[in-house]
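Based on what follows, work out the 3D shape:
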Amino acid sequence: MDTAPHWQTLVQPEDLAAALGRDDLVVVDARASLADPGSCRTAWELEHIPGARFADLDEDLTKHGLGGGRHPWPDADGFTTRLGRWGISPRHQVVAYDNGDGGLAAARFWFLMRALGHVRVAVLDGGWQRWKALGLPVSADAPPNAAADYPGRFDAQRLLDAGQVQAHLDAGGMLVDARAPERFRGEVEPMDTAAGHVPGAVNRPYARNLQDGRFKSPDQLRAEFGELLGDRDPDEVVVMCGSAVTACHHLLAMEHAGLPGARLFTGSWSGWIEDPARPVATGEA
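Predicted coordinates for the structure are as follows:
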């Protein structure tokens with residue numbers, strides 16, 4: 001009888017705690033702070049889920065220097081090399097957590113793995129805060145060195161650049177922006193050099209996927225996304241945010257709701273405005 005965990009979207013803290021120590025499980029600490037990026041590695045060094053590897057959003061989940069927004073999508077060779085250094089192979093169950101209810105940057109890690117075709121990858125529901133609130137084990141010990149081989153390529157069909165997004169919109173496709181409403185409307189912009197949104201986009205803040213710091217039930221998410229999508233299939237939807245981090249929260253929520261197949265605008269808003277000739281909209285959708 002196969003007793004190996006097969007978590008594919010979310011895992012509850014109690015279930016993860018019971019599985020710690022399995023040789024087919026790798027836990028990844030993806031805590032991130034856009035205001036103070038270095039603080040999260042320091043926090044991991046102080047305490048983390050036992051055995052958790054640290055994945056830095058800027059160093060491990062991004063490849064700078066290529067354009068494409070504040071957090072450009074990494075190349076497959078670089079990312080799979082990192083997976084190997086963390087001891088992750090295609091046979092492993094992987095669980096990621098962060099300090100932002102999945103939005104900073106556990107869901108980004110989840111979708112990186114999913115875009116490689118890795119099925120057994122999940123996000124810790126409630127994240128680090130719920131783990132701590134439940135009094136589950138923590139450690140300050142760095143995990144031992146590991147090595148594995150992870151061959152793989154990203155599914156390019158699920159990753160769109162700005163030109164492909166414009167073509168998607170021109171063809172009547174849906175673009176869902178996961179940023180807060182005031183950023184979408186262009187009233188404030190704390191991160192990027194221009195305020196507003198991509199003309200034709202609609203707004204659903206990623207926080208609407210949550211209730212009391214945990215993901216809503218699959219039925220509730222399915223109903224809410226169903227109302228947003230109307231008669232569209234999930235694969236007709238592209239999601240975005242400021243830099244393709246919190247947008248991945250929507251991809252995770254949709255898959256948890258049984259609506260897989262949506263795609264990601266990898267440059268998102270920060271990538272869109274790299275070309276000043278691209279149009280910008282403000283106000284409601």
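
Low-confidence regions, the stretch 51-200 of the chain specifically.
Filtered on pLDDT under 70, the stretch 51-200 of the chain yields the residue ranges 66-67.

which residues of it fall in helices?
Remark: helices assigned in the stretch 51-200 of the chain by DSSP state H, counting those that start in this stretch are 76-85, 106-115, 127-133, 162-170, 181-184.

Of all the ones you listed, which one comes closest to residue 231?
Closest to residue 231 of these is helix 162-170 (C-beta to C-beta; 17.1 Å). For glycine as for every other residue, the C-beta is placed from the backbone atoms N, C-alpha and C.

can you list the helices of the stretch 51-200 of the chain in a markdown table and add mean neighbour count and distance to residue 195?
Output for the helices of the stretch 51-200 of the chain, formatted as a markdown table (neighbours: other C-beta atoms under 10 Å; distance: least, C-beta to C-beta, whole Å):
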| stretch | mean neighbour count | distance to residue 195 |
| --- | --- | --- |
| helix 76-85 | 17 | 31 |
| helix 106-115 | 27 | 23 |
| helix 127-133 | 19 | 29 |
| helix 162-170 | 16 | 17 |
| helix 181-184 | 18 | 7 |
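
Which one, of these, ends up nearest to residue 265?
Between these, helix 162-170 lies closest to residue 265; by C-beta to C-beta that is 5.0 Å.

who touches that closest one?
160, 175, 198-201, 238, 240, 265, 267, 271-272, 274-275, 278 (C-beta atoms under 8 Å, 6 or more residues apart in numbering).

now do 10 Å
Applying C-beta atoms under 10 Å, 6 or more residues apart in numbering, the contact partners of helix 162-170 are 67-69, 156, 160, 173-175, 198-201, 236-238, 240, 263-268, 271-275, 278-279.

Just the buried subset of the residues you listed, written out for PyMOL, thanks.
To isolate the buried ones among the contacts of helix 162-170 in PyMOL, judged by 16 or more other C-beta atoms under 10 Å, type:
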select buried, resi 68+69+160+173+174+175+198+200+201+236+237+238+240+263+264+265+266+267+268+271+272+273+278
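
from the contacts of helix 162-170, which ones fall inside strands?
Cross-referencing these against strands under DSSP state E gives 160, 174-175, 237-238, 240, 263-265.

Would you point out the most distant pair within those residues?
It's 174 and 264 that sit farthest apart of the ones in strands among the contacts of helix 162-170, by C-beta to C-beta, at 13.3 Å.
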